[in-house]
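Trainee: Sharing a model that was predicted from the sequence below.
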Amino acid sequence: MNDRLSRPCSRGVSARWRKIEVVRFDTVLAATDSPDLMAEVAALRRPARRLARGVTMMRGGSAQARQFQLVVDERDESWTCDRQGDRHRDQYADGVLHSIDGPVEVGFARSGTVAPPVRLLTPELLPMWGSPASVVPVLVQRIRGHWLLVTCEHERDPADRVTVVIDEGDGIAHRWYGTSEVTVLTEVRVMDDDEPAPLRPRFSRLSEWPALEY
């Protein structure tokens, strides 16, 4: 299969999808391909203010799944994160991270460390692109037309792998299968600029794990 990563053309160019001559699908990638792939993934997404909801669970099934709600605005590099069971709201704005440990100045790229689901809305910030992360992409596959399944392997043990599923239409990572947890987005939408920030949600009881929808 010789398809390559593609994305919608910019304004003023033909509306059909244009092929990107960078990374091949269904072909084993080298570590040196990672920067190009990361750039292509970032280019799929239009910076906006987005609301997302989802669920995360530790691998092994011993812990109960936890729901979350995010609002991420890439344009001013801010976000809020509410998680089921937490009495506080993690948030980041104006270069300051506010968490249960108190305020601390940190860059936007590192701010998602305390709230990993935030990084799904900016997949190029996920710990999967090589150094300083310990995993690097080795394979990209297209699933059901517009889903990109990216498989990453550990630099010291190729059998140790993580995967992420990115929607080629919006550039968002909707599923993350990490080394210790699994995170799934169940809702993502762009918010209007004048739309008020949502209140802290009251999470309803989760009856079952979200169904696969590829």
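Mentor: That came through fine.
Trainee: got a list of what the spatially most central residue of the chain touches?
Mentor: In the chain, the C-alpha nearest the mean C-alpha coordinate belongs to residue 120, at 1.7 Å (CA atoms, centre = their mean). For residue 120, the contact set (CB atoms under 8 Å, 6 or more residues apart in numbering) comprises 52, 54, 126, 172, 173, 174, 176, 183, 185. Where you see a C-beta, it was placed from the backbone N, CA and C, and this is true even at glycine.
Trainee: now swap in residue 163 and tell me
Mentor: Per CB under 8 Å, 6+ apart, neighbours of residue 163: 149, 150, 151, 152, 175, 176, 177.
Trainee: any idea which helix or strand comes after the lengthiest helix in the chain?
Mentor: Taking DSSP state H as the assignment, the helix of the chain that covers the most residues is helix 34-43. Scanning forward in sequence from helix 34-43 by DSSP states H and E, the next helix or strand is strand 49-58.
Trainee: Go through that next one and flag the buried ones.
Mentor: Buried residues in strand 49-58, counted by 16 or more other CB atoms under 10 Å: 49, 50, 51, 52, 53, 54, 55, 56, 57.
Trainee: any low-confidence regions in the protein?
Mentor: Counting by pLDDT under 70, the chain contains low-confidence ranges at 1-23, 61-62.
Trainee: all strands for it, in order.
Mentor: Ranges of strands within the chain are 4-8, 17-24, 49-58, 66-73, 78-83, 90-93, 96-99, 102-105, 135-143, 147-154, 161-167, 173-177, 181-190, based on DSSP state E.
Trainee: Throw those into a markdown table and include distance to residue 37, thanks.
Mentor: A markdown table is the format used below for those (distance: least, CB to CB, whole Å):
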| stretch | distance to residue 37 |
| --- | --- |
| strand 4-8 | 7 |
| strand 17-24 | 5 |
| strand 49-58 | 22 |
| strand 66-73 | 22 |
| strand 78-83 | 24 |
| strand 90-93 | 26 |
| strand 96-99 | 28 |
| strand 102-105 | 31 |
| strand 135-143 | 6 |
| strand 147-154 | 8 |
| strand 161-167 | 11 |
| strand 173-177 | 13 |
| strand 181-190 | 20 |
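Trainee: what's the closest of the ones you listed to residue 114?
Mentor: Residue 114 lies closest to strand 96-99 among these, at 4.9 Å (CB to CB).
Trainee: Sheet partners, orientation included, of the closest one?
Mentor: Strand 96-99 has the following sheet partners, assigned by DSSP bridges: strand 90-93 (antiparallel), strand 102-105 (antiparallel).
Trainee: And it, how far out from the chain middle?
Mentor: Centre-to-centre, strand 96-99 and its host chain are 20 Å apart (CA atoms, centre = their mean, to the nearest Å).
Trainee: Most tightly packed of the strands paired with strand 96-99?
Mentor: Ranked by mean neighbour count, the strands paired with strand 96-99 are led by strand 90-93 with a mean of 20 (mean count of other CB atoms under 10 Å).
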